Structures are given as C-alpha cells and as structure tokens.
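Visitor: sequence below, structure please.
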Amino acid sequence: MKSRFFQRVRVAWVLSTIVPCGFVPAAERIDTSKLPPPANRSNVTYEADIRPIFEKHCFKCHGSEEKPKAGLRLDSREATLKGSREGKVIEVGQSARSALVHSVARLGDEDHWMPPPGKGEPLTAEQIGLIRAWIDQGAR
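Guide: Numbering: from 1, shown residues only. Here you go, the predicted structure:
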C-alpha cells in the first residue's frame with residue numbers, strides 16, 4: 001500500500017514538471033495574434049463566398065477526386081465540416097481555433113501550410129478573413 005502511494009506521488013511530480021515545460025497541444029502553439037481579422041461582413045456563406053476561394057486554391061488536392069490529400073475534401077460545406085483523417089479542421093464559431101485557418105494563414109508547423117510552399121499562391125489576408133468570418137458566423 002505504501003509503495004502505491006509513493007508511486008502515485010512520483011508520477012504526479014514527474015507530470016507536473018515535464019508537461020508544462022514540453023508538451024503543448026498543437027492548436028495552443030499557434031500565435032493567433034498573427035491571424036488576419038475576420039472580414040467585417042455578415043451572411044457569409046459557403047456557396048457564395050468560400051467555395052470560390054477553395055476552388056481556386058484547394059480543389060486540386062482537396063476536391064472531389066477519389067483520394068483527396070489527408071482525406072480532406074473542401075468541395076462541399078458538408079465535406080469541409082466532416083474534416084480529414086486527422087479529425088475536424090473547423091471549430092464552428094471559433095475561427096482562431098480552427099486548423100484550417102491556421103493552415104491557410106501559414107501559421108504553426110510548415111508541414112501543414114496550405115497551399116504548401118511552391119504548390120500554389122498563398123491565400124490573401126482578405127480571403128483568410130472571409131473564411132474566418134464564415135466559420136465565426138456558424139459555417140453556413
């Protein structure tokens with residue numbers, strides 16, 4: 001009984017010293033102050049506003065083909081909300097916490113920048129702001 005107690009104390013101590021120093025979830029390592037602000041527009045919709053951006057910049061790899069990269073399709077609102085093999089890419093109502101926004105803004109891990117360097121034109125601050133507004137408004 002005594003050894004279990006000390007074992008638990010030791011594990012708690014190790015976690016309290018290691019976790020704060022090294023492990024931080026990916027979404028929390030993003031400096032969201034570097035994100036362009038959401039567009040100052042109401043009623044942003046997928047079909048009218050977001051799909052044209054995705055069509056120009058994303059459909060080559062994340063369109064309706066049989067095997068889209070990372071299992072992420074952006075060719076419909078429903079597919080976008082479904083996410084990728086790694087999970088959801090949009091936090092509805094919280095664009096600053098959305099992996100899709102981090103990727104297109106090219107923040108965080110360079111392996112997740114979209115479009116990848118050399119593979120297409122980066123999105124403009126205005127386009128990212130429009131995507132942010134769409135997500136913040138409920139991703140309609």
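Visitor: tell me the contacts of the residue nearest the centre of the chain?
Guide: Nearest to the geometric centre of the chain sits residue 99, at 0.7 Å (C-alpha atoms, centre = their mean). By C-beta atoms under 8 Å, 6 or more residues apart in numbering, the contact list for residue 99 reads 27, 88-90, 112. C-beta here means a position set from N, CA and C on the backbone, and glycine is covered the same way.
Visitor: redo that, cut-off 7 Å
Guide: Residues counted as contacts of residue 99 (C-beta atoms under 7 Å, 6 or more residues apart in numbering) are residue 89.
Visitor: can you spell out which helices and strands pack onto the helix or strand residue 51 falls within?
Guide: Assigned by DSSP states H and E, residue 51 belongs to helix 51-57. If contacts are counted by 3 or more C-beta pairs under 7 Å, 6 or more residues apart in numbering; DSSP states H and E, helix 51-57 sits against helix 125-136.
Visitor: just give me how far the helix it packs on sits from the chain centre.
Guide: In this view, helix 125-136 has its centroid 13 Å away from the chain centroid, taken as C-alpha atoms, centre = their mean, to the nearest Å.
Visitor: and it, what does it pack against?
Guide: Using 3+ C-beta pairs under 7 Å, 6+ apart: helix 125-136 touches helix 51-57, helix 99-104.
Visitor: from these, which stretch is densest packed?
Guide: helix 99-104 (a mean of 24; mean count of other C-beta atoms under 10 Å).
Visitor: quickly note the distance from residue 60 to residue 69.
Guide: 9 Å (C-beta to C-beta, to the nearest Å).
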